[in-house]
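> Quick one, fold the following:
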Amino acid sequence: WRAQPATAGPRWARAGAHRVADRASGLAWATGAVQDDVALADTERVAAQAREQALCGHADWRLPTRTELAALIDYSAPSADTLPGLGPAHRIYWTATPRERDNRATGHRFTVTLASGEVRIEPPSVKRAVLLVRDSACQALGRGFTW
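Numbering: from 1, shown residues only. Okay, here's the model as predicted:
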């Protein structure tokens with residue numbers, strides 16, 4: 001994730017039926033691909049299915065990093081929906097970021113709760129929600145976007 005300069009206008013822009021663009025980060029989030037109750041071992045399968053199906057016309061979907069997911073939290077505007085179209089912010093989401101001292105495939109992984117901003121380390125045995133992201137190469141051009 002890379003910090004972007006502040007943009008004029010709204011932070012979020014709809015980019016099709018199941019995707020929103022975050023003008024602050026330049027990332028695209030798949031709003032139609034949120035899945036609840038996913039075990040850590042199945043998170044890559046969810047992302048692989050989205051890539052195989054070319055969700056929203058793209059085959060590069062992945063789990064967000066801890067930093068990317070935490071950047072969605074808007075502490076100035078608490079609401080039921082932190083990111084447009086994703087549903088309740090009380091969900092706890094898996095990230096692609098493993099605990100530093102663990103093996104990525106078998107160890108604990110960071111999770112983020114969007115409603116509270118809580119970041120924690122979870123064991124692979126728990127089930128959490130999955131949200132997919134892609135490096136959209138989205139560039140604000142006035143009021144529009146290029147993809």
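
> contacts and neighbour counts: CA atoms only from here.
Noted.

> Mind listing what's buried along the helix ranked longest in the chain?
Taking DSSP state H as the criterion, the chain has its longest helix at helix 43-52. Of the residues in helix 43-52, 43, 44, 46, 47, 48, 50, 51 count as buried by neighbour count, 16 or more other C-alpha atoms under 10 Å.

> List just the nearest of those to residue 99.
residue 43 (15.8 Å; C-alpha to C-alpha).

> The closest one and residue 130 touch, don't they?
Yes: contact criterion C-alpha atoms under 8 Å: residue 43 and residue 130 qualify, at 6.9 Å.

> Show the model's pLDDT score for residue 44.
Looking at residue 44, its pLDDT stands at 90.

> dump the residue contacts of it.
62, 63 (C-alpha atoms under 8 Å, 6 or more residues apart in numbering).

> From residue 125, how far out is it?
Here residue 44 is placed at a distance of 15 Å from residue 125 (C-alpha to C-alpha, to the nearest Å).

> Which parts of this structure are strands?
Under the criterion DSSP state E, strands of the chain are mapped to 12-14, 19-22, 27-39, 92-98, 109-113, 119-122, 127-135, 139-141, 144-146.

> which residues sit against the fourth one?
Contacts of strand 92-98 with the rest of the structure, by C-alpha under 8 Å, 6+ apart, involve 40, 43, 63-66, 69, 104, 107-114, 128-131.

> One more pass at 6 Å, please.
Strand 92-98 has contacts (C-alpha atoms under 6 Å, 6 or more residues apart in numbering) with 63-66, 104, 109-113, 128-130.

> Could I have the buried ones of those as PyMOL selection syntax?
Here is the PyMOL command that selects the buried residues among the contacts of strand 92-98 (16+ other C-alpha under 10 Å):
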select buried, resi 63+64+65+66+109+110+111+112+113+128+129+130
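
> how about CSV for the contacts of strand 92-98, with pLDDT and distance to residue 92 added?
Listed next are those as CSV, based on pLDDT from 0 to 100; distance: C-alpha to C-alpha, whole Å:
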residue, pLDDT, distance to residue 92
63, 94, 13
64, 93, 13
65, 94, 14
66, 92, 12
104, 53, 19
109, 90, 12
110, 93, 10
111, 93, 6
112, 90, 6
113, 87, 4
128, 93, 6
129, 91, 6
130, 91, 9
